[in-house]
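Asks: Generate coordinates for the sequence data below:
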Amino acid sequence: MHPLWATLSQLGDSRWLLPLSLVLILFGPKESRALRIRWAAGLAIAGGLTLASKLAFLGWGIGWARLDFTGFSGHATMTAAVYPVAFYLTIYGRFRNPLLWALLGSLLAALIAYSRLPLNAHSASEVVSGWLLGTSATVFALLARCGSWRTPLPILAASLVVGLAVPMLMPRVRTHDVVIRLATELSGRDQVFNRHHFVR
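Replies: Coordinates of the predicted model:
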C-alpha cells in the first residue's frame, strides 16, 4: 500500500482538527464573528450526526447493508468541514480569491476522504456521504456576511500549535476507540456490531 494514503489519512485526525478549529472559532477577529458562529454550528451538527450514525451501528447494528453503510466517515466529514473554512480564514484579507483557497481545502479534504478507501477503513458510501455532510457545514459557514477583516498571524500560529499538541500529548488515544467504548456503554453490549451484523 502506498504510504501517501496513510499520510493523508493522518491529516484527517479529529484530535488535531477539532482543537485547531476551536482556537480559530474562539479567538478570530470580531468582524468574522458571523462566519465563526455558523462554522461552530455546522461543525457541531456534522459531528453530532457522524457520531450518532456510528453509535447506531456499533451499538445496535443499524446500518444500510445494500450500500455497505455503517456510519458517516469521521475523516471525510471533519476534513470537509474544517480545511476549507480554515484556509478561507487564513487567506481572507491577505490575498485575493479566498474562495479559491476554500475550494483547494475542499479538494484536500476529498483526497483525505479517498485515502480511507485503500486503507480499508470505510466503504465508498461512508466516504462520499461524510464528505458531502462536511461540505454542507462548510457552505453554511461561508454563506455568512462579514465585513473586512483578517485573522491575526498569532491566532493562526496558535491554532496550529494547539492542534498539533493534542495528538502529541495523547498519542495512544484514538477517537474510534472512544466511540466504541461509548457504544458499548449505551447499548449494554459486550461487543460492538461489525459489517457482518447488518440489520436487514
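
Asks: how far is the top helix by length along the chain from where the chain is centred?
Replies: Across the chain, the longest stretch assigned as helix under DSSP state H is helix 33-60. Helix 33-60 has its C-alpha centroid displaced from the chain centroid by 9 Å (CA atoms, centre = their mean, to the nearest Å).

Asks: Next SSE downstream of it?
Replies: Note on helix 33-60: by DSSP states H and E, the next helix or strand toward the C-terminus is helix 74-91.

Asks: mind listing what's buried in that following helix?
Replies: 74-91 (16 or more other CB atoms under 10 Å). Where you see a C-beta, it was placed from the backbone N, CA and C, and this is true even at glycine.

Asks: number of nearby residues for the residue nearest to Trp149 when sequence neighbours are not counted?
Replies: Nearest non-adjacent residue to Trp149, counting by CB to CB, 6 or more residues apart in numbering: Glu31, 3.5 Å away. Burial of Glu31 is recorded as 15 neighbouring residues (other CB atoms under 10 Å).

Asks: any idea of the pLDDT on Glu31?
Replies: Here the pLDDT value assigned to Glu31 is 92.

Asks: what sits against it?
Replies: Neighbour list for Glu31: 146-149 [criterion: CB atoms under 8 Å, 6 or more residues apart in numbering].

Asks: now swap in Ala137 and tell me
Replies: Neighbours of Ala137 in contact, by CB under 8 Å, 6+ apart: 39, 42-43, 45-46, 80-81.

Asks: any idea which helix or strand carries it?
Replies: Element membership for Ala137 (DSSP H and E) is helix 124-142.

Asks: So what touches the one helix or strand Ala109 maps to?
Replies: Here Ala109 sits within helix 98-115, counting by DSSP H and E. Contacts with helix 98-115, where a contact means CB under 8 Å, 6+ apart, come from 4-6, 8-9, 11-12, 73, 75-76, 79-80, 82-88, 90-92, 95, 127-128, 130-131, 134-135, 138, 142.

Asks: what's the angle from the helix or strand bottoming out on mean pLDDT in the chain to helix 74-91?
Replies: When the helices and strands of the chain are scored by mean pLDDT, DSSP states H and E, helix 3-10 comes last with a mean of 88. For helix 3-10 against helix 74-91, the angle by axes from the mean of the first three to the mean of the last three CA atoms, to 10 degrees is 80 degrees.

Asks: Can you give me the buried ones in helix 3-10?
Replies: 5, 8-9.

Asks: where does this structure have low pLDDT?
Replies: 1-2, 198-200 (pLDDT under 70).

Asks: Cool, thanks, signing off.
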